[in-house]
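[1] Kindly generate the corresponding structure for this input.
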Amino acid sequence: MRVIRTAAAQLGPIQKSEDRASVITRMIALLDKAKVEGADFIVFPELALTTFFPRWYHEDRREADAWFEASVPSAATAPLFDRARTHGMAMSFGYAELTPEGRHFNTSILVDKSGGIVGKYRKIHLPGHVEYDPERTHQHLEKRYFEPGDLGFPVWRALGGILGMCICNDRRWPETYRVMGLQGVEMVTLGFNTPAVNSQRGGEGLEQRLFHHRLSCQAGAYQNATWVVAVAKAGDEDGHHLTGGTLIVDPDGFIVAELAGEADGIIVHSCDLDETRFGKETIFDFARHRRTEHYGRITAQTGVVLPD
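    Coordinates of the predicted model:
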């Protein structure tokens, strides 16, 4: 058995006025709770340090830089790293990254038990739009404030297994999981901030959003025989509702733990990475069963090409 005692640490709403220090205090409280429950590894959501700021339109793009981190760890985030190191816990969390070259990414990192950053992922599938859209019920300006990730979908040897990361909208794209699956991934962590209502289809509310969330996570886990740990930032942020749905999916696609509600909280599950072996050695033994000679269209084109 190769067991990672994993805590999925949901954050409730973070208001626009809330500062980094107060958010870090909340994250440390969840980390302490996870330690009491014997966790080795804790996963926090996308953009864990701030409100979901892409809902706010800044005409001057540079005004949004206040939401970004120029370095991690920083003075603000050091207490979180220190507490995790003291507890001997690995962790993952998402944040808005401002690089020394002035580039902007929606980023997630993997931190080992000694507090060292051993992996970085930058969100690739950015949803939303660039300019203010008066036809939408709320704005979703990720394409305005971030550029698509430039690191691909790497995996890392960590915690005795092979771990990968993705972020929010990435979970809806099968390519996300398959690229990591082709590297033998055994656990995928993903944080998300998902509006409870579709801004372009008002009838698609919380129930439908949670259905598609679960469907995406379960399909990715099953089709690549991997654990999936999906963690929400949830609740009402300044009048904008984000879904909950923090959950852990096993390599057979079954949800083995799910957190009720939309407040700060954790679920903890012992994830045996050896449970990935059966799927990887049978129905999803890629070396035996994949037929790449027929898959060229997947990377040869982007949009739909209709038949003649």
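[2] Please point out which parts of the top helix by length along the chain sit buried.
    Using DSSP state H, we find that the single longest helix of the chain is helix 206-224. By neighbour count on 16 or more other C-beta atoms under 10 Å, the buried set for helix 206-224 is 206, 209-210, 213-214, 216-224. Placement of C-beta: from N, CA and C, glycine included.
[3] And for stretch 239-246?
    By neighbour count with 16+ other C-beta under 10 Å, stretch 239-246 contains the buried residues H240, H241, L242, T243, G244, G245, T246.
[4] Would you agree the fourth one is in contact with T194?
    Put plainly, it is T243. Yes. Under the criterion of C-beta atoms under 8 Å, T243 is in contact with T194, at a separation of 4.8 Å.
[5] Residues that sit against both of those two, list them.
    R209, H213, A232 (C-beta atoms under 8 Å, 6 or more residues apart in numbering).
[6] Go through the residues you listed and name the one with the lowest pLDDT.
    Minimum pLDDT across the shared contacts of T243 and T194 is recorded for R209, with 95.
[7] so what's that one closest to, chain neighbours aside?
    The spatially closest residue to R209, leaving aside those adjacent along the chain, is T243, at 5.3 Å (C-beta to C-beta, 6 or more residues apart in numbering).
[8] Enumerate every residue touching that neighbour.
    When contacts are counted by C-beta under 8 Å, 6+ apart, T243 is found next to T194, P195, A196, L206, R209, L210, H213, A232, A234, E262.
[9] Need the nearest residue in space to G149, chain neighbours excluded.
    Nearest residue to G149, sequence neighbours excluded (C-beta to C-beta, 6+ apart): R122, at 3.0 Å.
[10] Okay, and the beta partners of that neighbour?
    R122 has these beta-bridge partners by DSSP bridges: T107.
[11] Now do the contacts for it.
    E97, F105, N106, T107, P148, G149, D150, L151.
[12] Roughly how far does it sit from A9?
    Remark: distance between R122 and A9 (C-beta to C-beta, to the nearest Å) = 21 Å.
[13] Also R55?
    Distance, R55 to A9, using C-beta to C-beta: 23 Å.
[14] who has more neighbours, those two?
    The neighbour comparison of R55 against A9 (other C-beta atoms under 10 Å) goes to A9, with 32 against 21.
[15] Thank you, goodbye.
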